[in-house]
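Visitor: Mind folding the following:
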Amino acid sequence: MRRRSAVALLPALAALPASSATTFPITPARDDKPPEALIYATFVEQTTIEQMIAGAGGRPALTEIESKRLLEAAGISTAMAEHARTADEAAAAAVRAGLPAVLKVLSPDVSHKSEVGGVMLQLGSEQEVRDAFDRIRRNLTERAPQARLDGVAVQAMAAPGVELIIGVVRDQRFGPLVLAGLGGVFVEVMQDTAVRLAPVDAKEARAMLDELRGRAILFGARGAQPIDLAAVVELIVTVSQLVSRRPEIKELDLNPVVAYAAGLKVLDARVLLGDRAPSAPGTAPDPNWEQRRRNLKRGFEARAVAVIGDKRMGGYMWLRALKRFTGKLYSVQIDPNEIPGIEAMGITNYKSLAEVPEPIDYAVSAVPRQVAPRILQDCVDNKVAAIGFFTSGFSETTEELGIRLERQLKEIAGGSAIALVGPNCMGLYNPEIGLCNFPDLNIGSAGDVCFISQSGTHTINFSSQAPLRGIRVNKAASIGNVLMLEGADYLDMMTEEPRTRVIGMYIEGVRDGRRFFESLRRAAGRFPVVVWKGGMTEAGARATFSHTGSLATPAAVWTAMVRQSGAVSVAGLDAMLDAVEMLARGRAMTGSRMGLVAMTGGQSVVITDTFATAGLEIPTLSDSSYDELKGFFNVIGGSYRNPLDAGGTIMGGAVNSGNLARILDILDRDPVIDAIVLEIGTGLRAQRWATHEDELTGLLDRIAEFNRKTAKPFCAILHPAHVETIVSRAKQLARERGLVVFDSFERSAAALRVAYDYWSRRAARA
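Guide: Residues are numbered from 1 along each chain as shown. Take a look at the predicted model:
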């Protein structure tokens, strides 16, 4: 069987669907050594490993025996092999190791031993060992004639067990990554692996095992004994720590690792060496970083703003967007044909920044790209704190001119502390002070939701649609090509904002992945962070480069990074809005068990399928709940199982029916229910709401009263059906009453699943 390496598995991971893992009790990694022993062991490990790496003499790969000795020095027990250079030496070594034996080729020119016929198994006698040695030598000559034969590694044939693969590779953006999965036929056929940023602790290592689709094999499927999970967890932790400490180790593969009911054996190992690159790759330190971030904050809270280069052809978009700005607004425009139109808007125009009578906190540049470096230098010279470059046409074009101009912008900005937002972006939005990056956005009140996006369109769409969903935006930033300030900088600033309750992000790529991960983990430890990644497919990755110049990150690595940080993922704007509405306006979810109320039998079936498909539970209610329900529930054309087919019992939700409140109260008190979802029927009643809105408001008042008193997450579903205008009004009235409302079963189930993922991950890390 062809031996798969950890790095070879990463592209395949991107194609795998996410699994909804069952959670098992976590067993911590073993650590019963006294502090003195640990200090001494660490010293021995470092000295031995240094010697072994130095002894490689510049070779890119250690032999199997060298690799195992390095692992032994790090405290990892292996099935150590003996080096044999002749057939007779191999036979003698096999007797010492114990028959049956295994022979594996040793060659500095061979990475995959099985591909050159370099592995021989189940050798039961000395003669079989000699014959196998000769076959390996012939195979190598035929299949890799340039490869040098250094002999074979000889070890005893291991007892059968559960085969695993554990390895570490280095990602260009995120540094060392640890990978674990089922080995043998499973890694070849199913490619069932999980990946995390290294190092990991015992909890994260155990979460990796829980994530595997074939995890039941680890716990004793079909009557087999469960494996020693604690030993596997300890191995994952130790390997991840080793490679995090040793940047010279470029790649490490343990495949296979055979796990038993007690203990495990590392049967094969490969270590690839590289340069002493930093363990967390990133960009060069920015000496002005702290002041640059302070200037970004000053830009968000601006008291004076200048718009540079706005034009009639664009409808004076930026000046119109900032017309309601509560501070001082100035225009800087030298074209005499444009100035009369600007002054007609009641805005003072100057022909240079130097003429503006007060310090500028934030500037917006809408000039052609050729002029952009000169404008930036002018802003630096006049001590402008922050500037958003709407101007595009830089590295995202891949043109030589665009790349050169962007390099000039970076050099100018890097020599100062100016907060350069973008370029190729819509810039900053703070509704509290009327700092808008598009006309007609909401202003006037401070919210509790922040949004960061590399797409200007997504920023505007989110900011425009959020108020309709009951989402109150605090700050939003369209950050474009992130030339000087990365997503992590905006994330850190919004995390420190005391009013923040949820952060949403649309990200296409990051330069310093490790710093982004740390910022994301810090934020998600305080409140929900919802991440929408652009460019998850190969075609999408190409599009992100043409859009913002970002380098795409492999999908599997990105997915693992978000999960490990404690944040949650969505795949579109509607899903982002749904998730943010649920997380910002709803309550924390303590479990995944849903209490569902539908209006008809058909809807009851569909809502069950939809929520179950999303990985949420629909449990049978408690006996006490059924005892109460059967006292008043109309079972003719209805059912009070879970979900409840309740249309006939609550008269379609009519305001004069007290049964709706009774049903919701029963679900609220039932200990097997963690969250409640109510379908408000629209198909049969919504037409009447158009002329009898009091019936709708009365119903919503009852539901809102329940929502105020329950401690459980609660949401309502209002299908647009054939009465979209009427239902749109109903959703507005519902949200005015503090209700979380969705258009469909699918969208509500998806939002609740995202909320459950966030709160369960946060609880697991507590």
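
Visitor: What degree of burial does Phe325 show, as a neighbour count?
Guide: 20 (other Cβ atoms under 10 Å). Heads up, the C-betas are built off the backbone N, CA and C, glycines and all.

Visitor: now stretch 758-766, how far from the chain's geometric center?
Guide: 15 Å (Cα atoms, centre = their mean, to the nearest Å).

Visitor: average pLDDT across that stretch?
Guide: Stretch 758-766 comes out with an average pLDDT of 92.

Visitor: and that stretch, which residues are buried?
Guide: Within stretch 758-766, the residues that count as buried by 16 or more other Cβ atoms under 10 Å are Tyr758, Trp759, Arg761, Arg762, Arg765.

Visitor: Could you measure from the second one over to Arg587?
Guide: Same thing as Trp759. Separation of Trp759 from Arg587 (Cβ to Cβ, to the nearest Å): 9 Å.

Visitor: just the third one next, same as before
Guide: Here the distance between Arg761 and Arg587 works out to 17 Å (Cβ to Cβ).

Visitor: For Asp88, list the residues it contacts.
Guide: Asp88 makes contact with Arg130 under the criterion Cβ atoms under 8 Å, 6 or more residues apart in numbering.

Visitor: Now it: phi and psi?
Guide: The phi and psi values for Asp88, taken as degrees, to the nearest 10, are phi -70, psi -40.

Visitor: Tell me how far it lies from Arg585.
Guide: 77 Å.

Visitor: now do Tyr626
Guide: Taking Cβ to Cβ, one finds Tyr626 at 31 Å from Arg585.

Visitor: do the same with Pro357
Guide: Distance from Pro357 to Arg585, by Cβ to Cβ: 44 Å.

Visitor: Now do stretch 439-453: distance from first to last residue.
Guide: End-to-end distance for stretch 439-453, by Cα to Cα, to the nearest Å: 18 Å.

Visitor: Geometric centre of this protein: which residue is closest?
Guide: Val562 (2.2 Å; Cα atoms, centre = their mean).

Visitor: Please list all residues in contact with that one.
Guide: Leu520, Val531, Lys533, Val568, Ser569.

Visitor: if you look at these, which of them are in helices?
Guide: Among those, the members found in helices (DSSP state H) are Leu520.

Visitor: Name the weakest-confidence residue in the contacts of Val562, if you would.
Guide: Comparing the contacts of Val562 by pLDDT, Lys533 comes last, at 95.

Visitor: Give me the nearest residue to Gly55, chain neighbours excluded.
Guide: Computed as Cβ to Cβ, 6 or more residues apart in numbering, the closest residue to Gly55 that is not its neighbour in sequence is Glu66, at 7.9 Å.

Visitor: Dump the one helix or strand that neighbour maps to to PDB, keeping only the CA atoms.
Guide: For Glu66, the host element (DSSP states H and E) is helix 64-73. The C-alpha coordinates for helix 64-73 follow below in PDB (Å, rounded to 0.1, in the frame of the first residue of the first chain):
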ATOM      1  CA  GLU A  64      13.600   5.900   9.500                       C
ATOM      2  CA  ILE A  65      16.000   4.900  12.200                       C
ATOM      3  CA  GLU A  66      17.300   8.500  12.700                       C
ATOM      4  CA  SER A  67      13.700   9.700  12.700                       C
ATOM      5  CA  LYS A  68      12.800   7.200  15.400                       C
ATOM      6  CA  ARG A  69      15.800   8.100  17.500                       C
ATOM      7  CA  LEU A  70      14.800  11.700  17.300                       C
ATOM      8  CA  LEU A  71      11.300  10.800  18.500                       C
ATOM      9  CA  GLU A  72      12.700   8.700  21.300                       C
ATOM     10  CA  ALA A  73      14.700  11.700  22.400                       C
END
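
Visitor: For that helix, which helices and strands make contact with it?
Guide: If you count contacts as 3 or more Cβ pairs under 8 Å, 6 or more residues apart in numbering; DSSP states H and E, helix 64-73 packs onto helix 35-55, strand 269-273.

Visitor: quick one on the thing from earlier: any chance of the contacts of Val562 in TSV, plus neighbour count and distance to Ile452?
Guide: TSV is the format used below for those (neighbours: other Cβ atoms under 10 Å; distance: Cβ to Cβ, whole Å):
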residue	neighbour count	distance to Ile452
Leu520	26	11
Val531	23	10
Lys533	22	13
Val568	22	15
Ser569	18	15
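
Visitor: nearest to Ile418, of the contacts of Val562?
Guide: Taking Cβ to Cβ as the measure, Ile418 lies nearest Leu520 of those, at 25.7 Å.

Visitor: ok, now which ones touch Ile676?
Guide: Ile676 touches Met594, Gly595, Leu596, Val597, Leu664, Leu667, Asp668, Thr710, Lys712, Pro713, Phe714, Cys715, counting by Cβ under 8 Å, 6+ apart.
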